[in-house]
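S.K.: Structure for the following, please:
(2 chains)
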Protein chains: 2
Amino acid sequence: MGDSRPIGVFDSGIGGLTVVKALRDLLPNEKIFYLGDTARVPYGGKSANTVERYSLEMTNMLVDEDVKAIVIACNSASAVALPKLEKTLSVPVIGVIKPGAQAAISATRNRHIGVIGTRATIKSGAYEKALREFDPKISISARACPLLVPFIEEGWLEDKLTDQIIARYLEPLMRDGVDTLVLGCTHYPLLVRVISRFVGAKVELVDSAKNCAIAVQQLLDRQLLRATTENSGSLEVALTDAPDNFLRVARDALQLEIGEVQLREVIHGAGNVA
Amino acid sequence: MGDSRPIGVFDSGIGGLTVVKALRDLLPNEKIFYLGDTARVPYGGKSANTVERYSLEMTNMLVDEDVKAIVIACNSASAVALPKLEKTLSVPVIGVIKPGAQAAISATRNRHIGVIGTRATIKSGAYEKALREFDPKISISARACPLLVPFIEEGWLEDKLTDQIIARYLEPLMRDGVDTLVLGCTHYPLLVRVISRFVGAKVELVDSAKNCAIAVQQLLDRQLLRATTENSGSLEVALTDAPDNFLRVARDALQLEIGEVQLREVIHGAGNVA
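M.R.: Next comes the predicted model:
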């Protein structure tokens, strides 16, 4: 029969479209409803309490769209709010951290993994926790890279300044000897070429977008929630503030077809009620 | 007699503390109540509608603190929301743009002024408008510099990467031949040394913080709102989200004494009611 309801995807802004791209490629028959909280973006520098409250408000808005599952396509929100969301929401929820951690564990040979992300993500220790659940003895070097998202949103995806900022942030991790690097922010896949150039072919990059899409596929299969192959997939994008220049940057970089963007007002207090 | 009520200062985040510093220096007998909307920072990339709504909510919260005047220590909010705030609020309101424009007009000799700021500020054209009200024939070169605030918040106030980013943003304005540069964002005074180094001594920097403080002094004098010299001035800081690393950066750079930071919940809808 198949379940033709949409998959709800939530991010603090536009960066989660990298997850949408991976979902569209892997699950072309699925409808996707994307909700980006651009009125309050970014989450990465905000406190855990605030990120949790915002995440509850946003995911409750997705539940109102009759989604069959929710993807937290934002590392900061996944890091901080996932346990609460799993307890509260009436549909299955999947984040980006566990799939990324699992992929990193499979990839590493020297058992030393690097993690980069926003301040909120790194401060939460969520990747360390997830990695150690798979392997308690793994070595981890983690670093917050708060300037990467602004560089990406400026559209400087190929720029000598971007190369320098990457070198500045990643040099200590390379010195530590990591052989695997988790791109722990959904914006970062847009920098994959610059990052590869710096770390070289011997370091495996783990892209949370792609691994999250695989985990979504497994979840839908397990819970018999897949749309049938007759279904034509689609993408609806809603934002809490009018889109700026970065939507163009992301659309072009990802080659995603995005129709008219809807504007949604934040429904406040959903987080408190839950 | 004197009016001992506090001056309310509002900013999207922490950057407005540069204005507080200028106010404390110029008006040491005044109490200051500072409100930073760190739960939704930054405003600079958001739409005019959203910035106006947030600004109304925040300034209404300041009115509830019984302030005698409100300073919009945020260029993005001043650029977009000031006309509405002036119409709506029951206390006098002053922004950073007109004082900055006036100072730039006094400073320029070749009548060619540069303006840098966030995307929202530059897109609004507010500086152009204010400058042309003083001198309709002035030449203006304006540029959005969205990466400067993230660099400042990272604490990289003296760094070779910051020098390079400044050069990248300011080179076109120097080529245009500006002799005066308006720092159209309350964060930017923290970069004044790097900027001076790049533009050289022949370009006058106009710091919106200092000029705004002078305008506040004039407003208080005009409306007989000054506290007496017996009053001991003070500073209270309230934020809508728990402070992060940048509060330390700003406090150290500005040598501001900040006591315990209060947390305030955003009162939603104030903007709609007004």
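
S.K.: Pull up the distance across stretch A:66-77, start to finish.
M.R.: Terminal residues of stretch A:66-77 are spaced 21 Å apart (Cα to Cα, to the nearest Å).

S.K.: near chain B at all, that stretch?
M.R.: No. Under the criterion of Cβ under 8 Å from any Cβ of the partner chain, chain B is not reached by stretch A:66-77; the shortest gap measures 12.7 Å. (C-beta placed from N, C-alpha, C; glycine too.)

S.K.: Give me the mean pLDDT for that stretch.
M.R.: Regarding stretch A:66-77, the rounded mean pLDDT is 97.

S.K.: got the buried residues for that stretch?
M.R.: Neighbour-count burial for stretch A:66-77, counted by 16 or more other Cβ atoms under 10 Å in any protein chain shown, picks out A:Val67, A:Lys68, A:Ala69, A:Ile70, A:Val71, A:Ile72, A:Ala73, A:Cys74, A:Asn75, A:Ser76, A:Ala77.

S.K.: Of those, which is the nearest to chain B?
M.R.: A:Ser76 (12.7 Å; Cβ to the nearest Cβ).

S.K.: Three-state assignment for the closest one, please.
M.R.: helix (DSSP: H, G, I helix; E, B strand; the rest coil).

S.K.: Show the contacting residues for it.
M.R.: Taking Cβ atoms under 8 Å, 6 or more residues apart in numbering or on different chains, we find A:Ser76 in contact with A:Ser12, A:Pro42, A:Tyr43, A:Gly44, A:Lys46, A:Val51, A:Gly117, A:Thr118, A:Ala120, A:Thr121, A:Ser124, A:Cys185.

S.K.: From A:Glu52, how far off is it?
M.R.: The spacing between A:Ser76 and A:Glu52, counted by Cβ to Cβ, to the nearest Å, is 10 Å.

S.K.: repeat for A:Ser90
M.R.: Separation of A:Ser90 from A:Glu52 (Cβ to Cβ): 18 Å.

S.K.: out of those two, which sits in the busier spot?
M.R.: A:Glu52 (20 against 8; other Cβ atoms under 10 Å in any protein chain shown).

S.K.: Just read off the phi/psi values of that one.
M.R.: Main-chain torsions, A:Glu52, degrees, to the nearest 10: phi -70, psi -40.

S.K.: Tell me how far it lies from B:Thr240.
M.R.: Distance, A:Glu52 to B:Thr240, by Cβ to Cβ: 15 Å.

S.K.: helix or strand for A:Ser4, which one?
M.R.: Assigned by DSSP states H and E, A:Ser4 falls within no helix or strand.

S.K.: And A:Gly8, by the same measure?
M.R.: Here A:Gly8, judged by DSSP H and E, is contained in strand A:7-11.

S.K.: for A:Ala213, same thing?
M.R.: Applying DSSP H and E as the criterion places A:Ala213 in helix A:208-222.

S.K.: residues contacting A:Leu239?
M.R.: Residues counted as contacts of A:Leu239 (Cβ under 8 Å, 6+ apart) are A:Ile14, A:Leu35, A:Gly36, A:Asp37, A:Thr38, A:Ala39, A:Val261, A:Gln262, A:Leu263, A:Arg264.

S.K.: cool, A:Val41 as well?
M.R.: By Cβ under 8 Å, 6+ apart, the contact set of A:Val41 is A:Ser12, A:Gly13, A:Ile14, A:Asp241, B:Gly45.

S.K.: Tell me, how many residues neighbour the closest residue in space to A:Asp244 that isn't next to it in sequence?
M.R.: Spatially, and ignoring its direct neighbours in sequence, A:Asp244 is nearest to B:Gly45 (5.7 Å; Cβ to Cβ, 6 or more residues apart in numbering or on different chains). The tally of other residues near B:Gly45 (other Cβ under 10 Å) stands at 24.

S.K.: which bits of chain A sit near chain B?
M.R.: By Cβ under 8 Å from any Cβ, the residues of chain A that approach chain B are A:38-41, A:45-47, A:49-50, A:119, A:146-147, A:150-151, A:153-154, A:161, A:164-165, A:168, A:241-242, A:244-245, A:268.

S.K.: Throw together a ChimeraX command that grabs the buried residues out of those.
M.R.: To isolate the buried ones among the residues of chain A next to chain B in ChimeraX, judged by 16+ other Cβ under 10 Å, type:
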select /A:38,39,40,41,45,46,47,50,119,146,147,150,151,153,154,161,164,165,241,244
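
S.K.: before we move on, the earlier item: state the phi and psi torsions of the residue nearest to A:Asp244.
M.R.: Note on B:Gly45: its backbone torsions stand at phi -100, psi 0 [degrees, to the nearest 10].

S.K.: thought it was touching A:Leu247?
M.R.: No. B:Gly45 is beyond contact range of A:Leu247, at 11.5 Å (criterion: Cβ atoms under 8 Å).

S.K.: returning to what we had before: please flag which of the contacts of A:Ser76 sit within helices.
M.R.: Residues of the contacts of A:Ser76 located in helices (DSSP state H): A:Val51, A:Ala120, A:Thr121, A:Ser124.

S.K.: Nearest to B:Leu82 among those?
M.R.: Taking Cβ to Cβ as the measure, B:Leu82 lies nearest A:Val51 of the ones in helices among the contacts of A:Ser76, at 30.9 Å.

S.K.: The closest one and A:Tyr188: what is the separation?
M.R.: Applying Cβ to Cβ, the value for A:Val51 to A:Tyr188 is 18 Å.

S.K.: go on, A:Asp64?
M.R.: 30 Å.

S.K.: Give the residue from these two that has the larger number of neighbours.
M.R.: Legend: neighbour count by other Cβ under 10 Å for A:Asp64 and A:Tyr188, higher for A:Tyr188 (27 against 12).

S.K.: need the contact list for that one.
M.R.: Contacts of A:Tyr188 (Cβ under 8 Å, 6+ apart): A:Ile116, A:Leu148, A:Ile152, A:Ile195, A:Asp207, A:Ser208.

S.K.: With adjacent residues omitted, what lies nearest to A:Leu118?
M.R.: Leu isn't right for residue A:118; it's Thr. A:Gly44 is the one closest to A:Thr118 (Cβ to Cβ, 6+ apart), at 2.6 Å.

S.K.: That neighbour reaches A:Gly13, doesn't it?
M.R.: No. The criterion here is Cβ under 8 Å, and A:Gly44 misses it with A:Gly13 at 9.8 Å.
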